[in-house]
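Peer 1: fold the following, please.
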Amino acid sequence: MLTPFSKEGGVNLAEARRVARYLVDDQKNDGIVVNGTTGESPTTTEEEKLALLDATLQEVGDRAAVVFGAGTYNTAESVAMAKAGAKAGAHGIMVVNPYYNRPGQEGLEAHFRAVADATSLPVMLYNIAPRSSINLETPTLLRIIEACPNVMAVKEASGSMAQIAEVAATVPEGFRVYSGDDALTLPVLSVGGHGLVSVAAHVVGAQLKEMIEAFPSDPARAARIARAVHPVIKGVFSAPSPVPVKYALSLRGFDCEAVRLPLVPLTPEQKARLTTLFAPQAVVAV
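Peer 2: Numbers count the residues shown, from 1 in each chain. Model (predicted):
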């Protein structure tokens, strides 16, 4: 879930509640990740993160999973945030690869195990090699799963379908592999993926859910839906995320276009190219 900011630069909690309600009730998302990359978590304070979690739980926590993004490149901080998220009532914790400091596989394993051991909540690991400059390799993931029973899912955004296929083929039964790349969701489903942790689901969530649910019994229909939503997905990532998706949701009447530096708003030229694409009627169910 994106984080709405006020004109003064603070977190707009009232608008965050509106966005959460829209994502669940209108866009049919089964759950929400609060304080992920799309929420501009590197720029928000601990107090803001917990306030966003509380607002989201109050708004949709009775009808959707609310997962708290607790991961940073600092293990002690990540452990503290996981504990705080659990105390606040989060339904699960998401922990991203430590970014920037590139700890190696041994350090990566130790980091994830420390965070998982700090909570009894279900934990989703987030493997995003392009942003973190380190890849969670399959043997490392398997060791973490064996050591930490509450590590129950991985959001796979390594960009390697070969790796994602290997992960899906080797993880224990019941462990869930989610696509972390909107455009690769259909291929991920084809190798045993469970679903998607999405950016584009802010605006095409209902279609993406329909695609995922159709795939087991009607893969041809799922493929048609994937083709229909592809232009929107491409547009969502046409500038540094989440800048385009915040503009897309602003076209639906939400006060959420503002971003925090070092992100900057879309230019008028970029907006002109995306306005028609992001119009609410631009994509229909296939």
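Peer 1: count the residues that sit near Val79.
Peer 2: Residues contacting Val79 under the criterion other Cβ atoms under 10 Å number 20. Every C-beta, even on glycine, is put in place using the N, C-alpha and C of the backbone.
Peer 1: what packs against the helix or strand hosting it?
Peer 2: Assessed by DSSP states H and E, Val79 sits inside helix 75-88. Counting contacts by 3 or more Cβ pairs under 8 Å, 6 or more residues apart in numbering; DSSP states H and E, helix 75-88 packs against helix 46-60, strand 65-69, strand 92-96, helix 104-117.
Peer 1: can you pull up the most central residue in the protein?
Peer 2: In the chain, the C-alpha nearest the mean C-alpha coordinate belongs to Val197, at 4.4 Å (Cα atoms, centre = their mean).
Peer 1: hang on, isn't it packed against Val177?
Peer 2: No. Using Cβ atoms under 8 Å, Val197 makes no contact with Val177, being 10.8 Å away.
Peer 1: least confident secondary structure element in the protein?
Peer 2: Of all helical and strand segments in the chain, the minimum by mean pLDDT, DSSP states H and E falls on helix 129-132, at a mean of 78.
Peer 1: and the next element down the chain from that one?
Peer 2: Downstream of helix 129-132, the next assigned helix or strand under DSSP H and E is helix 138-147.
Peer 1: for that following helix, buried residues please.
Peer 2: Neighbour-count burial for helix 138-147, counted by 16 or more other Cβ atoms under 10 Å, picks out 138, 140-141, 144-145.
Peer 1: so what touches stretch 198-207?
Peer 2: Contacts with stretch 198-207, where a contact means Cβ atoms under 8 Å, 6 or more residues apart in numbering, come from 1-2, 19, 23, 26-29, 38, 182, 185, 208-209, 225, 228-229, 232-233, 236-237, 241-242, 245, 248-249, 252, 278, 280, 283, 285-286.
Peer 1: how far out from the middle of the chain is that stretch?
Peer 2: 11 Å (Cα atoms, centre = their mean, to the nearest Å).
Peer 1: what average pLDDT does that stretch get?
Peer 2: Averaging pLDDT along stretch 198-207 gives 97.
Peer 1: buried ones in it, by neighbour count?
Peer 2: Buried residues in stretch 198-207 (16+ other Cβ under 10 Å): 198-205, 207.
Peer 1: include secondary structure and distance to Thr170 when you put those into a markdown table, please.
Peer 2: Below are the buried residues of stretch 198-207 laid out as a markdown table (DSSP: H, G, I helix; E, B strand; the rest coil; distance: Cβ to Cβ, whole Å):
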| residue | secondary structure | distance to Thr170 |
| --- | --- | --- |
| Ser198 | coil | 25 |
| Val199 | coil | 27 |
| Ala200 | coil | 28 |
| Ala201 | helix | 28 |
| His202 | helix | 32 |
| Val203 | helix | 34 |
| Val204 | helix | 31 |
| Gly205 | helix | 30 |
| Gln207 | helix | 31 |
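Peer 1: and Val154, that's in a strand?
Peer 2: Yes. Residue state for Val154 (DSSP: H, G, I helix; E, B strand; the rest coil) corresponds to a strand.
Peer 1: show the pLDDT at the spatially closest residue to it that is not a sequence neighbour.
Peer 2: Closest residue in space to Val154, ignoring its immediate chain neighbours: Leu125 at 4.7 Å, by Cβ to Cβ, 6 or more residues apart in numbering. Looking at Leu125, its pLDDT stands at 98.
Peer 1: bridged to Leu125, which residues?
Peer 2: Using DSSP bridges, the bridge partners assigned to Leu125 are Val95, Val154.
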